[in-house]
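In: Quick one: sequence plus predicted model below, questions after.
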Amino acid sequence: MASLTLNRDRLFPGDPAMRAIARAIYGTVRHLPILSPHGHTDPRWFAEDIPFENATQLLVTPDHYVFRMLYSLGVSMEDIGIPPSDGTPYEQDPRTIWHTFAKHWYAFRGTPTRMWIDHEFSDVLGIKVRFGAETADEIYDAVNAKLATPEFRPRALCERFNIEVLSTTDSPLSDLRYHKMIMDSDWSGRVVPAFRPDSVIDPEYFPDFHGDVEKMGELANEDVSHWQGYLRALEARRRYFIEHGATSTDHGHPTAGTADLETADCERLYQKIIKGTYTPDEAELFRRQMLTEMARMSIEDGLVMQIHPGCLRSHNDTVYQRFGRDMGGDIPVRTDYATMLRPLLNKYGNDAALNLILFTLDETSFSRELAPLAGHYPSVRLGPPWWFLDSPEAMMRFREAATETAGFYNTVGFNDDTRAFLSIPARHDIARRVDCSYLARLVVEHRIDEDEAHEVARALAYDLPKTAYKL
Amino acid sequence: MASLTLNRDRLFPGDPAMRAIARAIYGTVRHLPILSPHGHTDPRWFAEDIPFENATQLLVTPDHYVFRMLYSLGVSMEDIGIPPSDGTPYEQDPRTIWHTFAKHWYAFRGTPTRMWIDHEFSDVLGIKVRFGAETADEIYDAVNAKLATPEFRPRALCERFNIEVLSTTDSPLSDLRYHKMIMDSDWSGRVVPAFRPDSVIDPEYFPDFHGDVEKMGELANEDVSHWQGYLRALEARRRYFIEHGATSTDHGHPTAGTADLETADCERLYQKIIKGTYTPDEAELFRRQMLTEMARMSIEDGLVMQIHPGCLRSHNDTVYQRFGRDMGGDIPVRTDYATMLRPLLNKYGNDAALNLILFTLDETSFSRELAPLAGHYPSVRLGPPWWFLDSPEAMMRFREAATETAGFYNTVGFNDDTRAFLSIPARHDIARRVDCSYLARLVVEHRIDEDEAHEVARALAYDLPKTAYKL
Amino acid sequence: MASLTLNRDRLFPGDPAMRAIARAIYGTVRHLPILSPHGHTDPRWFAEDIPFENATQLLVTPDHYVFRMLYSLGVSMEDIGIPPSDGTPYEQDPRTIWHTFAKHWYAFRGTPTRMWIDHEFSDVLGIKVRFGAETADEIYDAVNAKLATPEFRPRALCERFNIEVLSTTDSPLSDLRYHKMIMDSDWSGRVVPAFRPDSVIDPEYFPDFHGDVEKMGELANEDVSHWQGYLRALEARRRYFIEHGATSTDHGHPTAGTADLETADCERLYQKIIKGTYTPDEAELFRRQMLTEMARMSIEDGLVMQIHPGCLRSHNDTVYQRFGRDMGGDIPVRTDYATMLRPLLNKYGNDAALNLILFTLDETSFSRELAPLAGHYPSVRLGPPWWFLDSPEAMMRFREAATETAGFYNTVGFNDDTRAFLSIPARHDIARRVDCSYLARLVVEHRIDEDEAHEVARALAYDLPKTAYKL
């Protein structure tokens, strides 16, 4: 039976001289607190602090990284325990699902998921044997036993992980009750919401758009039947989020398109949108105008603005219809930034009061458009490589592509962007190791002095996200 | 006079620890049989087993990798021995052409062609001196002497190369007589056809489209003047190919576009296509619909489906008009997959009975679209980097870009895709060396255990192509 | 106080064996003369040979690499000493600007600008301490003291830098008086102009287009109110440039689009262009036709033709309106070559009398389109990675992407493309080091013999630019 250990030099370059320097730089940042300013954990976990149920519920069923790979190998969504909306039966025994996972574990070789979960097994859960069909039961039982102990409750883990701030991502309609419970509790942990208004901005992708806008109007006590009331309602919800700790907004649009329309045109467009009489081009134009409005509001209320365009959501109709959104069928597409962001940037891009963080799923944009934008506009910063680009290779390619034109100081450190709470330390550790490896190469190639590399490493791990996200 | 030797550690990483591990992994796969499921050798060679004529006919004239580079340096096609269709004279003395090749050999430095031909010279043909103007005659004579011996006949080389299966690529109108001769012979070699129906699907690029469709109808005994008869004729030709050993189809469309039209619309469209009254958009729509039809047929008859879009064929009009197609003037263009394949994938992508292998000439699609598609849809697998991307660097970039999201097990091993029979062992050897080097880096960086790296290496070299191509 | 030294092994690979080979190869090319066939220095410097004013005027204010980064960090253009066109005050004290630069020097860590300026400080200016807030004054005074000495006048530096040829980039209306002064002087340096006709070809981006065309007509004594006269005027200006030493033209179009219109259509289109009654599509069509005309003229008069498309100029309206063009707001965009260049290449691409050098800001085009074009058409060569791609990483990616299909001998060596005269040795040194590092890797991986690597290194550093630019 193979053993499981995390080598202390993992991810460092093979060359001994480079490795020694990487290790030295990493030694100064490995214990820095984790700032997690962009993620998808459930605030209820930390509000109620109830134990996680079992290994399957924690590590398999909620993680689209896991089930998209299993599905690609021919495992049905039902066998992974995802309930179909049509009521057909699905596997509900967590141990059986765990066995299915174990049987296909080989296919994760070389992927970040393999590294994250090995880290979770070894470092968080104390497992000493390699996962697989042979050890599935042993590990399942061991994990469940741990999860039942007080040390493995959400708050205790948050402290053990040394998480200084954890941001969730929240509906604009959310009452943020769990964030409030956490704020009002005697727990010192800081779990803040992020304002993600897509469902009240994108009429095409959200079937409940109209109802959600109505609800937003009620919550804000504004008349959302016209443009100005709609804007005021959004402003009110942003204020509500700020009162509950939010420092940022998050916008997942299909494109990075922005617009700068006259007010009268906005009103006319909004009437079509809210009445459902719009064309696809009008829906896109509305989303574009709204990004510009959001930038204006960010300048006014100080919320940091994040844009991550370029995903064709729910590419797989059958999976979407039977299992809903976020089920592994999102596929990136080619994404333009320079032309698309120009209206917004020409209006607000020179205002240093705007903190605009750009993400991409199309890594060709790093050297071509994103680093040039971040290396010129005072408002623009580059988000880290994420989702589909969160492997060590892609992180390294990001530094190699972006540093030339944006430098290190127009980037914002790492985001884990995860629903998988236990993977947070693993993900941040990988990012720190990769950045230290990149810096070690610069040192060995005499492109940066070692004392400066130490300063950069600290900035990437802690200072830059703290400043960029106003934490 | 410089000597020619193949270093046993070629292509392994420079770092000694990494190199030792690469060598160890490679040691376990280097002697595995070659599966060559996608290529362009001539089945007649193996059917008739007649000797190759001379070094020039074998290594220069048929290889567009060779003559495109020579042409780029100002050597005329005539001087390479390519006959112009306008009847102007061209060089017919193979030794003179060989001298021209030798004189420009320096320009191949750093290219895969240089590595392949050095491998052929050294390992296959026993040449001990470096090729060049000085050694051209000596090598020419030595090669020709070898080619005249029984050990250098096609079948003997096939055995010596340890080729378990070799697939050719064939016209849908082919009677596959050479494949039949091979099957009926007492030779144990396995040379199978692949069904490449482009000439009866793409009315724009194939001037004989109408005549070829007519001929297909006759061969299949179907009335191809209407849509259903046309489809049945294609189905019949596929059956004929299956009877002669085929396990796959191959589709070289300009784009990855697919469509899902109603039957009545298909009939109307087909009438325009077959009558030659179509617009360019209708020709593209027809090709799109046909990819979807081909996927349906693949589910029905079990042929593995390969799509390789994104080449602007015969970019150079003058070369095309004077020398015909496949003369080095094909240029890749930007290629989208996620939006383009959606109609086909929404119809058939969830059916594991479909084996859809995707290729690209636009490597930006690996991390952005292809790995995400292969890492989600049970039907989709990623073909290896090929044509314009068959260098060690591009192979390594493929693993670095695709493994994160598709893993290793949604890829299908290596394809040599070559007309240059003698280069097959060189090409597979390079692929194995690069994959082992990538795995060695993962081992040294503690991202995979060494025993697992061995399993992956074997999968990439043998198991995955065997399964993916149903060999 | 940290010291500043340039390590002799900087930029070589970390692996000791690879580094030793890189050092050996570099040793044979480091002292070769510099050919700088594409740049933006001021010919007046060499004509009048007056001393540079001070460190700020030399290193900060004219360098858009420097001030774009400062601007991205929130430093105003006024504080960098850039005069706004609206007459608002701006910082005019060079020492104060120097302090601002020093304060933000940390942000250049890891960028090529940091390497270039460190090289200038250390190797050119004899500074022994690291630049920063602490050492700003000391370095400012030391640099200024040097600049006042005869050894630091432009001509003396040109000789010390071992620059064999230096090309400037010039308006088609220029009388080239400074080039003539240099030719007529007893100085042996060779400073040649390059013909950059964008301002008389692109009616959209150049507000003075109409007046500039008129002036060109006067200079050429041609009637530019019609198409043939306009072409003859351009031909005359090209002749004038050739008489003053030019060997090349340079074309900075928004796209790589080319066209091949009938003469009558050209005349009609030109009438709209010259009368200002064109649509944006017609302006683009005119630019496209003009690239094809320029290729024809190049075949006729022998000027090497350079095209560098794909930049969205002056993306930032506010900066453009207040500070003018070339102020750091240019952002690259996605760029297609294969389809766009086809009309030109089908007309003239097979003519070896055309020397067409292609540049890109979209590095995805290297492996997909540019290397395939250069590896086929006898007229096409690949320019080096430049502007936004002039880091060691991007240079290495260029070789890794382009060598497979274009080889080394369809590339043209290095261009520094700079306004920053003192950075020329640094930039060429980096390019030589990176190419030698790439070659060292090929040697260590047994992909090229060491004697051949030496030949390639010399070709890249000297022979290829000499031939490609007809120097």
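Out: Cool, got the structure.

In: from here on, contacts and neighbour counts on C-alpha atoms
Out: OK.

In: how many other residues sit next to residue A:88?
Out: The tally of other residues near residue A:88 (other Cα atoms under 10 Å in any protein chain shown) stands at 9.

In: now do residue A:300
Out: 12.

In: What segments of the stretch 301-450 of chain A are strands?
Out: A:304-307, A:311-312, A:331-332, A:356-358, A:380-382 (DSSP state E, counting those that start in this stretch).

In: Does the third one reach chain B?
Out: When you say that, I think you mean strand A:331-332. Yes: using Cα under 8 Å from any Cα of the partner chain, strand A:331-332 reaches chain B at A:331, A:332.

In: List the contacts of that strand.
Out: A:310-315, A:361-362, B:338, B:368-369, B:372-373 (Cα atoms under 8 Å, 6 or more residues apart in numbering or on different chains).

In: Also the second one?
Out: Outside of strand A:311-312, the residues that reach it under the criterion Cα under 8 Å, 6+ apart are A:253, A:254, A:255, A:330, A:331, A:332, A:333, A:361, B:338.

In: Buried subset of those as a ChimeraX selection?
Out: Of these, the buried ones go into a single ChimeraX selection, burial set by 16 or more other Cα atoms under 10 Å in any protein chain shown:
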select /A:253,254,255,330,331,332,333,361 /B:338
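
In: Which of the contacts of strand A:311-312 sits closest to chain C?
Out: Using Cα to the nearest Cα, residue A:333 comes nearest to chain C of these, at 13.9 Å.

In: who's in contact with the residue lying closest to that closest one once chain neighbours are set aside?
Out: Leaving aside its chain neighbours, residue A:333 sits nearest to residue A:310 (5.5 Å; criterion: Cα to Cα, 6 or more residues apart in numbering or on different chains). By Cα under 8 Å, 6+ apart, residue A:310 lies in contact with A:253, A:254, A:255, A:256, A:332, A:333, A:334, A:335, A:360, A:361, A:362.

In: Could I get the contacting residues of the fourth one?
Out: By Cα under 8 Å, 6+ apart, residue A:256 lies in contact with A:288, A:307, A:308, A:309, A:310, A:335, A:336, A:337, A:340, A:341.

In: Enumerate every residue touching the second one.
Out: It refers to residue A:307. Residues in contact with residue A:307 (Cα under 8 Å, 6+ apart) are A:250, A:251, A:252, A:253, A:256, A:356, A:357, A:358, A:359.

In: For the residues you listed, which entry has the maximal number of neighbours?
Out: Ranked by the number of neighbours (other Cα under 10 Å), those place residue A:356 first, at 28 neighbours.

In: For residue A:231, see how far away that one is.
Out: Counting by Cα to Cα, to the nearest Å, the gap between residue A:356 and residue A:231 amounts to 20 Å.

In: Residue A:427: which of the contacts of residue A:256 is nearest?
Out: Residue A:427 lies nearest to residue A:308 out of the contacts of residue A:256, by Cα to Cα, at 19.4 Å.

In: ok so, going back, JSON lines for the contacts of strand A:331-332, including pLDDT and distance to residue A:467?
Out: Shown next, in JSON lines, are those (pLDDT from 0 to 100; distance: Cα to Cα, whole Å):
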{"residue": "A:310", "pLDDT": "97", "distance to residue A:467": "26"}
{"residue": "A:311", "pLDDT": "96", "distance to residue A:467": "28"}
{"residue": "A:312", "pLDDT": "96", "distance to residue A:467": "31"}
{"residue": "A:313", "pLDDT": "94", "distance to residue A:467": "31"}
{"residue": "A:314", "pLDDT": "94", "distance to residue A:467": "34"}
{"residue": "A:315", "pLDDT": "96", "distance to residue A:467": "36"}
{"residue": "A:361", "pLDDT": "98", "distance to residue A:467": "24"}
{"residue": "A:362", "pLDDT": "98", "distance to residue A:467": "26"}
{"residue": "B:338", "pLDDT": "98", "distance to residue A:467": "37"}
{"residue": "B:368", "pLDDT": "98", "distance to residue A:467": "30"}
{"residue": "B:369", "pLDDT": "98", "distance to residue A:467": "33"}
{"residue": "B:372", "pLDDT": "98", "distance to residue A:467": "33"}
{"residue": "B:373", "pLDDT": "98", "distance to residue A:467": "37"}
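
In: just the buried members of those?
Out: When those are checked for burial by 16+ other Cα under 10 Å, the buried set is A:310-315, A:361-362, B:338, B:368-369, B:372-373.

In: Mind telling me the two of these farthest from one another?
Out: Largest separation among the buried ones among the contacts of strand A:331-332 by Cα to Cα: A:314 and A:362, giving 17.5 Å.
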